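Participant: Here's my sequence, what's the structure:
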Amino acid sequence: MAEKVGQSFVQPTPSGKEELGKIEVAAEVIEIVAGIAVNEVEGIAATRGNIATGVVERFGKKVHNKGIKSGVTETGEISIDVYCSVKYGFGIPKVAKDVQSQIRQAILNMTALETAEVNVHITGIHFEKEEVAVQE
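Facilitator: Reported below is the predicted structural model:
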């Protein structure tokens with residue numbers, strides 16, 4: 001994958017519209033859109049972050065692009081890698097396919113950019129903690 005420093009994606013001019021200049025979408029924006037889309041998929045427990053995102057979240061700030069990496073393929077198209085865990089009891093292939101569809105659609109709707117690939121990496125299974133009823 002390409003280095004993200006200063007990376008951006010040029011948005012195409014909508015058909016039938018006059019070109020007024022270049023529109024660039026930063027890689028971080030693509031990652032945030034993808035991160036929000038992932039968290040809307042049923043069966044996703046969490047996305048994988050690092051120590052820095054963990055510290056930031058402890059201070060109450062939501063990190064939307066946690067577990068998302070964007071890059072450019074050899075052909076110059078957008079490539080997304082998603083690192084997430086699935087809730088126990090959900091089918092991994094179905095959840096992964098839903099993640100791919102949700103991300104592609106969200107990026108297309110918000111930026112008019114096509115994604116070449118969305119790679120889903122399942123890093124774990126999340127088991128729900130059963131709440132024990134206290135009897136008095």
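
Participant: is it true that residue 35 touches residue 69?
Facilitator: No - in this structure, residue 35 is not within contact of residue 69 by CB atoms under 8 Å, at 10.7 Å. (Each C-beta comes from the backbone N, C-alpha and C, glycine too.)

Participant: between those two, who's got more neighbours?
Facilitator: residue 35 (21 against 17; other CB atoms under 10 Å).

Participant: Please write out the alpha-carbon positions of the helix or strand where the more buried one lies in CSV.
Facilitator: Element membership for residue 35, per DSSP states H and E: helix 27-39. Written as CSV, here are the backbone C-alpha positions of helix 27-39 (Å, rounded to 0.1, in the frame of the first residue of the first chain):
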residue,chain,number,x,y,z
ALA,A,27,-7.3,9.8,2.7
GLU,A,28,-8.3,10.4,6.3
VAL,A,29,-11.8,11.5,5.1
ILE,A,30,-12.1,8.2,3.2
GLU,A,31,-11.1,6.3,6.3
ILE,A,32,-13.6,8.2,8.5
VAL,A,33,-16.4,7.5,6.1
ALA,A,34,-15.4,3.8,6.0
GLY,A,35,-15.1,3.6,9.8
ILE,A,36,-18.6,5.0,10.3
ALA,A,37,-20.0,2.6,7.7
VAL,A,38,-18.4,-0.4,9.4
ASN,A,39,-19.9,0.4,12.7
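
Participant: ok, residues contacting that helix?
Facilitator: For helix 27-39, the external contacting residues (CB atoms under 8 Å, 6 or more residues apart in numbering) are 4, 7-9, 44, 47, 63-70, 78, 80, 82, 84, 99, 102-103, 105-107, 110-111, 113, 118.

Participant: Got a ChimeraX select line for the buried ones in those residues?
Facilitator: In ChimeraX syntax, the buried subset of the contacts of helix 27-39 is picked out as below (16 or more other CB atoms under 10 Å):
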select :7,9,44,47,63,64,65,66,67,68,69,70,78,80,82,84,99,102,103,106,107,111,113,118
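
Participant: Many thanks, we can stop here.
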